[in-house]
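Trainee: here's a sequence, model it:
(2 chains)
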Amino acid sequence: MKFPSPSSADAVIAVTELVRHFGRRTALDSVSLYVPRGCVLGLVGQNGAGKTTLIKHLLGGLRAESGTVRVFGRDPTVDPVGVLGRIGCLSEQRDLPGWMRVGELMRHTQAFYPSWDEEYAARLLQDFQLDPGQKIKTLSQGQLAKTGLLVALAYRPELLILDEPSSGLDPVVRRDILEAIIRMVSEEGRTVLFSSHLLDEVERVADQIVMLHQGRMVLNGRTDDVRRGHISAVLAFDDPLSAAPAVPGAHAVAGSGREWRILFGGTRPELEAAALSLKACVVEERTPSLDEILVARAGGKGG
Amino acid sequence: MRSPAFAIAWEIWWRHRAGMTLLPCGLLLCGFLNRTAFRQGEWAGFAVALSYAVLAMAMILTFGFFHFTEGQRKGGFGSYPQRLFRMPVPTAWLAAWPMIYGTAAVGVLYLACDWLMFVPLDRPLPKLWPCLYLVSGFTLYQAILWSFPERRYLKLFLLTLGAMFIAFCWMFFLPHMIEGTLADWGYEGSPKSVQRGLLVFFAATGPAAWGFSWLRLRGQRHGIAEGVRGGAAVIERLAEWLPARTERFASPDAALFWHEWRQTGFILPLAVAGVLAMTCIPSWLSGPLTGQTTMGLLTWMVIAPVLLAAIIGRGFAKPDFWSPQLGVPAFIARRPVSAGQIVFAKLKAALCSVSLTWGMTGITAVVWFAAAGDFGGIDALLAQGKIYYPGGQRWLLAGLLLAGGMMLSWRFLVSGLAAGLSGAKGWFYASNGITAAILVGILACFIWTGDNDDHPIRLYNLWPWVEWLPAILCGLVIAKLATAAWAWSRAHEAGMVGGRGVAGYFAAWILAAALLALAAGIAFPNTPWLRNLLWLCAALVPPLAGPGVALITWSANRTGGSP
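Mentor: Numbering: from 1, shown residues only, chains lettered A, B, ... in the order given. As a prediction, this is how the structure comes out:
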């Protein structure tokens, strides 16, 4: 597994040892993240894990308490014009002014981005079946999300940041949005940071996955490697156990009696060695889903 | 919570607990002063005027505490709280409880003000009819706010109409107004019977407002009153009549200005239009006016834009006028624009708003004066002007004074930008408190000078203070220039504003200050001490440091930090 290092010159996003507190609560604890150009990064984690806080730092909405945040090599709080002009953003809170019409929002957004592509915007408007004369306050949740995505995509930003883009949407709208993103990524090779609870979506589009848990980065790797780096296995013991066994390398252990399901972080030989040390044998094994990994890493009982 | 009624009461209290604690404390303090220091002597007249101003402010605050609405956005104020519709409580009670609390609060406040502030000065207020007026006014206010969810312009229109109606009816309880007016209308019956009829009408308004609110809330709760229908829809369309933007914006600055203008630009003109309607229509209907009354009403029309700009400026200073939140809205924060572009868009929108307001005020004043005014007062003023100022100077002075009024309105509209854009609640509310105190003081002075022909306190009583004025004003000018130099240079160094922007703003400031100084020079050519004081004031009126500091505070607010 080879990931861009702090020395990577072409990192679109470079976050180093970022710390943020809200009162006594630590929202981000020494988070470091490097996203190379053309990468689709899935940011996952529970509610309150720090995903939105990290995104706010990337957009210049929060100044780093300690550590550094660089987007396109610039500090977004010092040079907001230079950074935000190259970012497209769609957030879970659809912060669009209700009094505007869809067409007015498009023209308003166009004024700030010289790279606005009118043809592309018109095509998205048609694809999303939006009425340019409709007021934003009268749009449904799905239409609102599509409108937000339209104005985030139409100027073909170099970096697209999507913070829970499909939160609260029905499967049809989710599919439409996801397909628009995939199309953009595949056609143009843009960099995307995609935060979502819906891990099947992340799994479908993301090259790289970062998982935050209680403000700390607990996982960072290529999607396939992350999945391959974990094994969901059932260990069988000779005698029934009254308490869960302490399996070295396991993130979650669940079961009863003689059979216990574990989510193991490591390779197959390491799993076998761990089982041997407990005088157990592996009776079943498979590659876990991202959902299972997230739940196990977040301290649940998945496996 | 023991009951829904208690839960609603607790919610109102908890949301406004700070204000609801401070207001009685303020009233007690005023009452204490009226009973001790102001009870007798030369300050008693001023204390009565101040008490009226305090009563008015307290009433406005109480209307604010008890409106019982919230917006779709966090902390907004758009409609009856929709979440309560999911509670197992009949709609009739949902409408009744906040109305009962509000009317009780308004009535109790009025009586408390009377007992605390006016009785000690031997100027007790009438009880029955003002209480009925306030209570019915309050129920109408709540009914309008609840019945048309998220329709801000329609609500503004209906509130203005309601306030106009109440103000018009109020006249029938003023002895010197009712007899003349009724006689002019050819009414030969007793004024008392008219008053009794009005009291019955207003007593019925409360239950009617409750009934209407109940029906409207029931409609909202069960989804049978979505949108506005019939006549209301027409009013809504008229009120929200604004052409859709179909052309491209020439630049980001043009887009920002359009956004600001559409959000806040019409508020001052609409508010002033309401006040003008409330002033002109009743006075026109009430029959011929004397020269003195005409001049008084004309003065009020000129003061209204400045006074309302000071009030509306509190909201204008915030990143979003319609939200109580002080953070920069994400929609704007994520635009690739500098602080300078944002602040200049606000300054420009304020300027256009003020120009529109003054244009409308000028036209209205002329039309009203031609239709209902008496030329006696204005003739006397013109005659006086001819004595002191030769022809050309007279008209130049009039023009400069008009420009000065516009500048003062603009200054008040943008004066809170530094605090409002900072996102710091403490700073913002402290700044609002100071403005409110100044407004109450000015209002009290107007009431007092209007009530007293023989002013017990004349300028020579204040002479020791006047002697200090040059030093105080000089200090303020120096502080202003130093702050401006610091703020603008820091903003420029941080890339928040370009060199041309800084130079342009400073040039505009110098021009504005020079025009005001010219007006002072023409108005008082032979009174050097007063002219010099006004020159210092001319340097203070056009804002210079404020916008510079606003650049810094907005940038800090955007990045979630303190300046």
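
Trainee: for stretch B:88-98, buried residues please.
Mentor: Of all the residues in stretch B:88-98, those buried under the rule 16 or more other C-beta atoms under 10 Å in any protein chain shown are B:89, B:91, B:94-98. Yep, even glycine has a C-beta here, placed from its N, CA and C like the rest.

Trainee: same list, the residues you listed, but as CSV with secondary structure and pLDDT please.
Mentor: Formatted as CSV, these follow (DSSP: H, G, I helix; E, B strand; the rest coil; pLDDT from 0 to 100):
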residue, secondary structure, pLDDT
B:89, coil, 87
B:91, helix, 91
B:94, helix, 92
B:95, helix, 93
B:96, helix, 94
B:97, helix, 93
B:98, helix, 95
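
Trainee: what is the burial count for residue B:251?
Mentor: By other C-beta atoms under 10 Å in any protein chain shown, 11 other residues sit near residue B:251.

Trainee: and the end-to-end length of stretch A:54-63?
Mentor: Stretch A:54-63 stretches 11 Å from its first residue to its last (C-alpha to C-alpha, to the nearest Å).

Trainee: near chain B at all, that stretch?
Mentor: Yes: residues of stretch A:54-63 are located near chain B by C-beta under 8 Å from any C-beta of the partner chain, namely A:56, A:59-63.

Trainee: check contacts around the residue lying closest to residue A:207 once chain neighbours are set aside.
Mentor: For residue A:207, ignoring the flanking residues on the chain, the nearest one in space by C-beta to C-beta, 6 or more residues apart in numbering or on different chains is residue A:40 at 4.9 Å. Taking C-beta atoms under 8 Å, 6 or more residues apart in numbering or on different chains as the criterion, residue A:40 is in contact with A:185, A:191-192, A:194, A:205-208.

Trainee: what's the first helix or strand after the lowest-mean-pLDDT helix or strand in chain B?
Mentor: Lowest mean confidence among the helices and strands of chain B (mean pLDDT, DSSP states H and E): helix B:230-239, at a mean of 54. Per DSSP states H and E, the first helix or strand lying C-terminal to helix B:230-239 is helix B:252-260.

Trainee: buried set for that next one?
Mentor: Buried-residue list, helix B:252-260, by 16+ other C-beta under 10 Å: B:252-253, B:255-260.

Trainee: which single one of those residues is nearest to chain A?
Mentor: Comparing the buried residues of helix B:252-260 against chain A with C-beta to the nearest C-beta places residue B:255 closest, at 3.5 Å.

Trainee: the closest one reaches residue A:113, doesn't it?
Mentor: No: using C-beta atoms under 8 Å as the test, residue B:255 is too far from residue A:113 to be in contact (10.6 Å).

Trainee: least trustworthy helix or strand in chain A by mean pLDDT?
Mentor: That would be, for chain A by mean pLDDT, DSSP H and E, helix A:171-188 at a mean of 76.

Trainee: contact partners of that one?
Mentor: A:40, A:124, A:127-128, A:141-142, A:145-146, A:149, A:153, A:156, A:160, A:162, A:165-166, A:169, A:190, A:192, A:194, A:198, A:201, A:204-205.

Trainee: one more: stretch B:105-120?
Mentor: For stretch B:105-120, using C-beta under 8 Å, 6+ apart, the contacting residues are B:24, B:27-28, B:30-31, B:34-35, B:39, B:48, B:51, B:54-55, B:58-59, B:62-63, B:65-66, B:124-125, B:127, B:130-131, B:134-135, B:138.

Trainee: and it, which residues are buried?
Mentor: B:105-107, B:109-110, B:112-114, B:116-118, B:120.

Trainee: what do you get for stretch A:278-295?
Mentor: A:280, A:282, A:285, A:288-295.

Trainee: adding pLDDT, distance to chain B and secondary structure, write the residues you listed out as a markdown table.
Mentor: Below are these laid out as a markdown table (pLDDT from 0 to 100; distance: C-beta to the nearest C-beta, whole Å; DSSP: H, G, I helix; E, B strand; the rest coil):
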| residue | pLDDT | distance to chain B | secondary structure |
| --- | --- | --- | --- |
| A:280 | 86 | 51 | strand |
| A:282 | 86 | 49 | strand |
| A:285 | 87 | 46 | strand |
| A:288 | 88 | 36 | coil |
| A:289 | 85 | 33 | coil |
| A:290 | 84 | 29 | helix |
| A:291 | 84 | 30 | helix |
| A:292 | 85 | 34 | helix |
| A:293 | 86 | 31 | helix |
| A:294 | 84 | 27 | helix |
| A:295 | 84 | 31 | helix |
